[in-house]
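Visitor: Return a 3D structure for these sequence lines:
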Amino acid sequence: MTSADKRAAPTPATRAPRRRPPGRPKLAEREGRDPTRDLLLDASIALFARHGFETVTTGQIAEAAGLTQSMVHYHFGSKSKLWEEAMRRLMRQRGRLFRATARDLAGLDPVEKLKVLIRRLVEANAENPDYVRIVVHEGTTRSPRLAWLVETYLAPGFGVFDQALREAMDAGAIPRRPIHDVTNAITSAASLSFALHAIVEDMYAVDLTAPDRIRSFADTIVDILFNGLLARPTVPPGGSTGAAAS
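Guide: As a prediction, the model looks like this:
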């Protein structure tokens, strides 16, 4: 090779960038996400769920993500903004889990619609309990974060159940009771159990997040809500119960 050839040979600085092999890009690339940002969001979600907003520091978040603290401020500006973005991320994940679209509910009577909503809520909370844990932390005190959560996510979510309950009451399918009482009972049963599932695991050696346990728990909530706990004797068609006949 001549000296001229050597001068013409490409160097790492002049060589054309390597083309990405054809195929579907990674999810982060398709959504325009930054891997560093994702690491910080994932770390913050885990820490906020375990310890709450107030006690977690940006230094702890950066350390958990394997990054420097300056990266938190570079990507989010403040801990409050990071918390807000973490909640948005959680809700996008829940949106993929809480599959109760208009198509799913079309043609269902009010009671069946409520049953579908309850089952979907149980499934979403079982798959993603960190959201519920963060809400529990925030719900213990009044803060701008709680106000933001209520306005942005909680009120619309509760509203879905409120509307379904009104339809069922108007149809005479369920007794009239204060909407907020019934919605609170449903959402608490379907949510808090997964925020506190370690208690159930320690007491009963049952993993509520196992697929068969999720189905069983959803079935139990639906059965108790719509059929109650009291055993009812089976009445044969056109006849009376054995107890009454005797």
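Visitor: For burial, what's the neighbour tally of Trp83?
Guide: For Trp83, the count of nearby residues is 21 (other Cβ atoms under 10 Å). The way it works is simple: take the backbone N, C-alpha and C, and place the C-beta from them, glycine included.
Visitor: residues contacting the residue nearest to the spatial centre of the chain?
Guide: A centroid search over the chain (Cα atoms, centre = their mean) returns Arg94, at 4.0 Å, as the residue closest to the centre. Arg94 sits next to Ala124, Asn128, Tyr131 when contact means Cβ atoms under 8 Å, 6 or more residues apart in numbering.
Visitor: Isn't the second one up against Arg89?
Guide: No: under the criterion of Cβ atoms under 8 Å, Asn128 lies out of contact with Arg89, with a separation of 10.6 Å.
Visitor: Could you list the low-confidence segments of this protein?
Guide: Within the chain, the segments meeting pLDDT under 70 span 1-33, 97, 99-102, 233-246.
Visitor: Where do the domain boundaries of it fall?
Guide: The chain resolves into domains spanning 30-90, 99-227 when parsed by automatic domain parsing.
Visitor: Can you list the helices and strands that whatever helix or strand Arg50 lives in packs against?
Guide: Using DSSP states H and E, Arg50 maps to helix 35-51. Packing partners of helix 35-51 (3 or more Cβ pairs under 8 Å, 6 or more residues apart in numbering; DSSP states H and E): helix 58-65, helix 69-76, helix 79-97, helix 129-139.
Visitor: ok, now with 6 Å
Guide: Counting contacts by 3 or more Cβ pairs under 6 Å, 6 or more residues apart in numbering; DSSP states H and E, helix 35-51 is packed against helix 58-65, helix 79-97, helix 129-139.
Visitor: For those, give me a markdown table that also has distance to Leu165.
Guide: What follows is those, written out as a markdown table (distance: least, Cβ to Cβ, whole Å):
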| stretch | distance to Leu165 |
| --- | --- |
| helix 58-65 | 39 |
| helix 79-97 | 21 |
| helix 129-139 | 21 |
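Visitor: Out of those helices, which gets nearest to Leu154?
Guide: Closest to Leu154 of these is helix 129-139 (Cβ to Cβ; 7.4 Å).
Visitor: Thank you, goodbye.
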